[in-house]
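Undergrad: Got a predicted structure plus its sequence, pasted below:
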Amino acid sequence: MTKIATRDAYGKALVEVGAKNPNVIVLDADLSKSTKTVDFAKVYPERFLDMGIAEANMIGTAAGLATTGKIPFASTFALFGTLRVGDQIRNSVCYPNLNVKIAVTHSGLTLGEDGASHQAVEDIALMRAIPNMTVIVPADAEETRQVIHAAVDYDGPMYIRLGRPAVPVVFDENYKFEIGKGAVVKEGSDVAIIAMGVMLSPAMEAADELAKEGISARVINMSSIKPIDEEIIIKAAKETKGIVTAEEHNILGGLGSAVAEVVSEHAPTVVKRVGVEDTFGESGKPDELLVKYGLTKEHIIQKAKQIL
Amino acid sequence: MAFDQQTLAYLQEKANVMRQDIVKMVAEASSGHPGGSLSAADIVAVLYFNEMNIDANNAKDPNRDRFILSKGHASPVLYAALAEKGFFPREELMTFRKIDSRLQGHPSKKSLPGVEMSTGSLGQGLSAANGIAMAGKMDKLDYRVYAVIGDGEIQEGMIWEAAMAAGHYKLDNLTAFLDYNGLQIDGPVDDVLNPAPVDDKFRAFGWHVIIIDGHDMNQIDDAIQEAKQTKDKPTMIIAKTVKGKGVSYMENQVGWHGTAPNADQLKQALEELTGGKQND
């Protein structure tokens, strides 16, 4: 199976949208080689702004650019693009509802060896609590490409969470990303697994394993965290015995919380959350970290069986 | 070059009306920040009524000059100018800080025409001004960007990120005023966290620096014109001002940073500002 990092897909997608729309401007905070905005910088140097290691000013500058009709993409690592600049995003971007895209890479534990200081596992909780913000977590390279195109077409603040490691390519051109929509990637009727980002592939593998034991698991890719696809969640709640969520994020405030909010209001059912259990990460290889912190297909299978 | 007598009288009258509006708004709301609004009134008057290319009837003109009030708590001075410029009816000034009003405690871009950026969380407006200035250079438009920042506000680290970027990117279409009134909520700026020497700091960050009396219309205008002639550098106009300027009992009194005058105090303030010739 082909594996591509969503950050690599991001760099390429930026070049595509840069060609399509002259208003696309890219800002980075001295991490362009890592976030892959360097791909855009090479082709459109006049529309690339390196803001140095000064993230607060980067967000404020992006807001100013947006007031003039530019479509700024501000990129850095997830931690520095969210928690470090929470007030700037809230007051300079979301409150005036400006057309700023905050596209971050190196999210979650799979940033790896740099350790807990750089591993954002709280970013989605913060971003989805800010009014006017749209929150998107693409699962693979193709979805990333489509999300970046959709971001340019959408007028408003958007947070796009990307990753460092290569992840399996799940979707092809026939897939259609839509803001506010989840996608059933595997049908099933006993249990539903709702996954986000790098956890989509383990979720699909978990469903295959469960099938061998005669358990029918539905797998849903939930890339649109806000607005979230209530319909697909309610349907899953009603048509299965319960839901397992899988996210590379704290189980507090992320995908699991968002899904639980929907079912508790509309279709109460059991929701079991696979994710980082309210702790900081540490240095290590991405795969080692996913195992140590309980973010594998085995953990998903275990939670699914608890429901049944 | 000094203003002719007629222009000077016109601008002084505008600033005076704005000062009356400021104290009326804050008194009516029983809430707000008169001290730092009054200290910036002459600067804002010269910008809005002499310098800036802005038109309420063409408020989205891509080549309009931009004004960002980074010290957003001085919103009354901005609202007074915008009302006088025709961005909204003057009577709406009396809705300041009240429920359902477009005149929020701190300026909101989404709610009120003429507000170029939502501000209030200190330190953020200068970065937005940078972004607008950068866009102007990219699009080869000749509009200019003006920002007013506070002397307490420059304690925010983000101001220095923005200052470094404006110098680095040679934003000579950006002019900022530092409303150096010397007081912040907890006391004299020099005692709370002394930012001095401010001129050397901005020079070191690549700015052209001009120091003026922020209540002298001619000095304000001369500095603006000098900034327009300055190439490859943003300009910081350090305006020495008096907090509460124009209302005797508010002048240089830290207590009037965020306190509203009562009815008697309002009456006295308006008498002083109108020279006893108040007729409404």
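TA: Structure's in. What do you need?
Undergrad: CA only for contacts and neighbour counts going forward, please
TA: Noted.
Undergrad: for the chain, what spans make up the strands?
TA: No chain specified, so I'll use chain A. Ranges of strands in chain A, per DSSP state E, are A:3-5, A:24-28, A:48-50, A:71-75, A:101-104, A:134-136, A:158-161, A:166-168, A:183-186, A:191-195, A:217-221, A:224-226, A:242-250, A:270-276.
Undergrad: that's the wrong chain, I wanted chain B
TA: B:66-69, B:145-150, B:174-180, B:183-184, B:187-188, B:208-213, B:235-240.
Undergrad: Those: which one's closest to A:Ala103?
TA: strand B:66-69 (26.4 Å; CA to CA).
Undergrad: follow-up on the earlier one: how about TSV for the strands of chain B, with mean neighbour count added?
TA: Shown next, in TSV, are these (neighbours: other CA atoms under 10 Å in any protein chain shown):
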stretch	mean neighbour count
strand B:66-69	25
strand B:145-150	25
strand B:174-180	26
strand B:183-184	25
strand B:187-188	16
strand B:208-213	19
strand B:235-240	25
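Undergrad: Would you format those as CSV with distance to A:Phe73 included?
TA: Below are these laid out as CSV (distance: least, CA to CA, whole Å):
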stretch, distance to A:Phe73
strand B:66-69, 22
strand B:145-150, 22
strand B:174-180, 23
strand B:183-184, 36
strand B:187-188, 40
strand B:208-213, 30
strand B:235-240, 28
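Undergrad: Switch the ones you listed over to a markdown table, and while doing so, append mean pLDDT to every line.
TA: Formatted as a markdown table, the strands of chain B follow (pLDDT from 0 to 100):
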| stretch | mean pLDDT |
| --- | --- |
| strand B:66-69 | 98 |
| strand B:145-150 | 98 |
| strand B:174-180 | 98 |
| strand B:183-184 | 97 |
| strand B:187-188 | 96 |
| strand B:208-213 | 98 |
| strand B:235-240 | 98 |
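Undergrad: can you pull the contacts of residue 64?
TA: In the absence of a named chain, chain A is used. Each residue near A:Gly64 by CA atoms under 8 Å, 6 or more residues apart in numbering or on different chains is listed here: B:117, B:127-132.
Undergrad: oops, I was thinking of chain B
TA: Applying CA under 8 Å, 6+ apart to B:Arg64 gives the contacts B:52-54, B:143-144.
Undergrad: one step back: could you list which of the contacts of A:Gly64 also contact chain A?
TA: Filtering the contacts of A:Gly64 for proximity to chain A by CA under 8 Å from any CA of the partner chain leaves B:117, B:127-132.
Undergrad: And these, which of them are buried?
TA: B:117, B:127-132 (16 or more other CA atoms under 10 Å in any protein chain shown).
Undergrad: Which of these fall in helices?
TA: Per DSSP state H, helices hold the following members of these: B:127-132.
Undergrad: hmm, back to that, how about TSV for the strands of chain A, with distance to chain B added?
TA: TSV is the format used below for these (distance: least, CA to the nearest CA, whole Å):
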stretch	distance to chain B
strand A:3-5	31
strand A:24-28	10
strand A:48-50	10
strand A:71-75	10
strand A:101-104	15
strand A:134-136	18
strand A:158-161	17
strand A:166-168	34
strand A:183-186	34
strand A:191-195	35
strand A:217-221	34
strand A:224-226	22
strand A:242-250	28
strand A:270-276	32
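Undergrad: so of those, which one's packed in deepest?
TA: Neighbour counts (mean count of other CA atoms under 10 Å in any protein chain shown) averaged over each of those peak at strand A:191-195, with a mean of 29.
Undergrad: tell me the mean pLDDT for that strand?
TA: Average pLDDT, strand A:191-195: 98.
Undergrad: How about residues contacting that strand?
TA: A:203, A:215-222, A:236-237, A:240-247, A:300, A:304, A:307-308.
Undergrad: Then stretch A:271-288?
TA: With contacts defined as CA under 8 Å, 6+ apart, stretch A:271-288 is touched by A:109-116, A:119, A:121, A:165, A:242-252, A:256, A:259-260, A:289, A:293-295, A:299-300, A:303-304, A:307.
Undergrad: Can you give me the end-to-end span of that stretch?
TA: 26 Å (CA to CA, to the nearest Å).
Undergrad: likewise stretch A:21-32?
TA: 21 Å.
Undergrad: Return the mean pLDDT over it, rounded to an integer.
TA: 98.
Undergrad: how close does whichever residue of the stretch 151-300 of chain A sits closest to chain B get to A:Pro165?
TA: Residue nearest to chain B within the stretch 151-300 of chain A: A:Gly156 (12.5 Å; CA to the nearest CA). For A:Gly156, the distance to A:Pro165 equals 28 Å [CA to CA].
Undergrad: what's the answer for A:Asn221, then?
TA: Using CA to CA, we find A:Asn221 at a distance of 19 Å from A:Pro165.
Undergrad: Ok, A:Gly108 next?
TA: For A:Gly108 relative to A:Pro165 (CA to CA), the value is 11 Å.
Undergrad: And these two? Which one has more around it.
TA: A:Gly108 (30 against 22; other CA atoms under 10 Å in any protein chain shown).
Undergrad: What are the boundaries of the helices in the stretch 151-280 of chain B?
TA: B:157-168, B:189-193, B:198-204, B:217-229, B:263-274 (DSSP state H, counting those that start in this stretch).
Undergrad: Those into JSON lines, with extra columns for mean pLDDT?
TA: Formatted as JSON lines, the helices of the stretch 151-280 of chain B follow (pLDDT from 0 to 100):
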{"stretch": "helix B:157-168", "mean pLDDT": "98"}
{"stretch": "helix B:189-193", "mean pLDDT": "97"}
{"stretch": "helix B:198-204", "mean pLDDT": "98"}
{"stretch": "helix B:217-229", "mean pLDDT": "98"}
{"stretch": "helix B:263-274", "mean pLDDT": "97"}
